[in-house]
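In: here's my sequence, what's the structure:
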Amino acid sequence: MRLLRLPKYRNLDKCFEMFGLIHQVVTSRRTLRQIVIEAVEDFYKDNVKYLELRSTPRDLPKDGASRADYVDEVSRIVTQDKIWILIKRNQTLQLAEVTVNMALLRKNKQKCPYIVGIDFSGNSERLNSDLNRFEQLLKRARAGGLMITVHFAEHFDDDEATRVLAFRPNRSAGFQLNMSVTSNVYTMARNRRDEECKYLFDNKSKTLKLCACGFTSHPHGRLLANMRCQEQQLDIYPMRLCTDDCGVFDTTLSIE
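Out: Residues are numbered from 1 along each chain as shown. Predicted coordinates for the structure are as follows:
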């Protein structure tokens with residue numbers, strides 16, 4: 001058996017690698033249950049009062065369990081929190097469509113109270129990771145009552161930031177935009193000030209919320225956290241302080 005070693009020093013690319021390592025060891029219902037339960041317990045120990053877990057459906061070969069079985073297993077465990085079903089940027093469109101159909105079925109037909117939406121995330125620097133490839137599918141998910149979260153600005157990409165703002169991901173009914181500017185709010189604060197992007201902020205995103213995490217685990221986050229002058233550029237939009245997987249990013253909400 002090959003020993004999986006977690007990198008000691010974790011930049012964002014290393015964190016993406018760690019997610020891949022975790023996927024290699026989650027091969028049974030038992031392991032899945034253990035990881036989900038321990039994750040929830042860790043957040044409660046940190047005094048987190050509202051928790052949304054995001055998870056990527058996948059087969060569990062040791063039990064012969066399908067991706068749908070995976071989602072149902074997580075739903076049985078998470079009875080007081082919320083679940084975002086994750087679509088990875090670089091997966092096939094066909095697989096993403098299966099994920100959306102699965103989420104719509106459980107939310108609308110089976111009335112699962114825990115599934116709230118689709119989380120679109122992953123390494124934006126990989127091939128076939130562009131939002132445009134999934135946009136129509138995500139629109140169908142939103143029309144079916146699922147909320148949409150899009151992670152972006154994790155790497156510098158002005159064009160994609162503009163496209164995401166134009167897409168206007170929503171997290172609740174009504175005209176509301178949530179951006180998961182995971183690990184790199186500094187990108188939005190200092191490097192998204194061209195006229196086109198500013199127009200999208202001011203005219204299409206009146207209730208913009210920045211869901212920021214990575215103030216300690218990412219160099220741009222640390223930079224933002226230590227620059228008081230950024231407050232004037234960010235204080236016109238509500239900001240929600242979040243955290244990510246503490247095992248991967250080596251942080252907690254208290255640390256953030």
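In: please make it C-alpha for all contacts and neighbour counts, starting now.
Out: Noted.
In: regarding residue 128, what is its secondary structure?
Out: coil (DSSP: H, G, I helix; E, B strand; the rest coil).
In: wait, it sits on residue 90?
Out: Yes - between residue 128 and residue 90 a contact is recorded at 5.3 Å, counting by CA atoms under 8 Å.
In: which of those two has more neighbours?
Out: Shown here are residue 128 and residue 90; by other CA atoms under 10 Å, residue 90 has more neighbours (19 against 14).
In: and residue 121, what does it touch?
Out: By CA atoms under 8 Å, 6 or more residues apart in numbering, the contact list for residue 121 reads 86-89, 150-152.
In: tell me which element residue 84 falls in.
Out: In the assignment (DSSP states H and E), residue 84 maps to strand 82-88.
In: what's that strand packed up against?
Out: Using 3 or more CA pairs under 8 Å, 6 or more residues apart in numbering; DSSP states H and E, the elements in contact with strand 82-88 are strand 52-55, helix 93-104, strand 115-121.
In: hey, which of the ones you listed is tucked in deepest?
Out: The highest mean neighbour count among the helices and strands packed on strand 82-88, using mean count of other CA atoms under 10 Å, belongs to strand 115-121: a mean of 23.
In: pull the CA atoms of that strand into CSV?
Out: Extracted in CSV, the C-alpha atoms of strand 115-121 (Å, rounded to 0.1, in the frame of the first residue of the first chain):
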residue,chain,number,x,y,z
ILE,A,115,-29.5,20.4,-0.2
VAL,A,116,-29.5,24.1,-1.1
GLY,A,117,-27.5,24.4,-4.3
ILE,A,118,-24.7,23.8,-6.7
ASP,A,119,-21.1,24.8,-5.8
PHE,A,120,-19.0,25.5,-8.9
SER,A,121,-15.3,25.4,-8.0
